[in-house]
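J.: using only what follows, build the 3D model:
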Amino acid sequence: EYEDMEKEAADDATLAAAIDSGASVINLGEGTFTLPTSAAGKKITLIGEGPDTVVECKKAINLSGAELAFANLTVEGKDDDYLGYQHTKSLSFTNCVIDKCLTLYASDVVFDKCTFKLQNRYLWTYGADNVLFDSCIFDNADSRAILVYQEEDSTLSNVTVKDCTFKAAAKGQTGGGDWT
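T.: Sure, this is the predicted structure:
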């Protein structure tokens, strides 16, 4: 009934209204947005106008069962642990800028042609079963990129990195503390 409903959003109020109306595709204008918890359990594609369309994810947000796709925008995290869209079924990012730390949580995650700007943090795969990085650029100031991490009682993560570029602006340390 609402499967292909498309809406536009100019701010958080119109984004929430579009989600509540059952829109499956939401075109976001330039500006900063935060996904409401009403996105839980829904299949939603958010399409931006480029890097000046920003979706903030600066806390842990329970969006249980959601299938979220982000395209042509910036997802802005926060340099802290365990922050992200929790308990989602899937996350997809296409031609996005991932700014700061983000913890994935979703069962299946795809990053396609994304640029990562991570400073003093990693992108955490925590909670994700399958993660694909395809044709991405990691442009990191301190040589960190991906942390494949699960709790001891969790399932294993399958992480695939394909045709990606890693740029480091500083020397890094090995797990033993040696500078590289």
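J.: tell me the spatial nearest neighbour of M5, not counting adjacent residues.
T.: In space, M5 comes closest to A23 once its chain neighbours are excluded; the distance is 4.7 Å by CB to CB, 6 or more residues apart in numbering. No exception for glycine: its C-beta is placed from N, CA and C like everyone else's.
J.: confidence score at the closest residue to K43 other than its chain neighbours?
T.: Once flanking residues are discounted, K43 sits nearest to E67: 4.3 Å by CB to CB, 6+ apart. E67 is assigned a pLDDT of 96 by the prediction.
J.: please apply the same query to the one 10 residues further on.
T.: Looking at G77, its pLDDT is 82.
J.: what about this structure, any weak spots by pLDDT?
T.: Low-confidence segments of the chain, defined by pLDDT under 70, are located at 1-4, 82, 120, 141-143, 151-155, 170-180.
J.: can you give me the helices in it?
T.: Counting by DSSP state H, the segments of the chain that form helices are 12-20.
J.: and for the residue nearest to M5, the neighbour number?
T.: A23 sits with 21 neighbouring residues when counted by other CB atoms under 10 Å.
J.: ok, it to T165 distance?
T.: Separation of A23 from T165 (CB to CB, to the nearest Å) stands at 35 Å.
J.: how about D129?
T.: Separation of D129 from T165 (CB to CB): 25 Å.
J.: quick one: which of the two has more around it?
T.: Taking neighbours as other CB under 10 Å, D129 and T165 compare with D129 leading, 17 against 10.
J.: quick one: residues contacting the residue lying closest to that one once chain neighbours are set aside.
T.: Take D129 and drop its neighbours on the chain: the residue closest to it by CB to CB, 6+ apart is S107, 4.9 Å away. Applying CB atoms under 8 Å, 6 or more residues apart in numbering, we find S107 in contact with 88-90, 128-130.
J.: export only the CA atoms of stretch 45-53, formatted as PDB.
T.: C-alpha atoms of stretch 45-53 as PDB (Å, rounded to 0.1, in the frame of the first residue of the first chain):
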ATOM      1  CA  THR A  45      15.700   5.200   1.900                       C
ATOM      2  CA  LEU A  46      17.100   8.600   2.600                       C
ATOM      3  CA  ILE A  47      18.500  10.500  -0.300                       C
ATOM      4  CA  GLY A  48      20.500  13.700   0.200                       C
ATOM      5  CA  GLU A  49      21.700  16.500  -2.000                       C
ATOM      6  CA  GLY A  50      25.300  15.900  -1.300                       C
ATOM      7  CA  PRO A  51      27.700  16.300   1.700                       C
ATOM      8  CA  ASP A  52      25.700  19.300   3.000                       C
ATOM      9  CA  THR A  53      22.800  17.000   3.800                       C
END
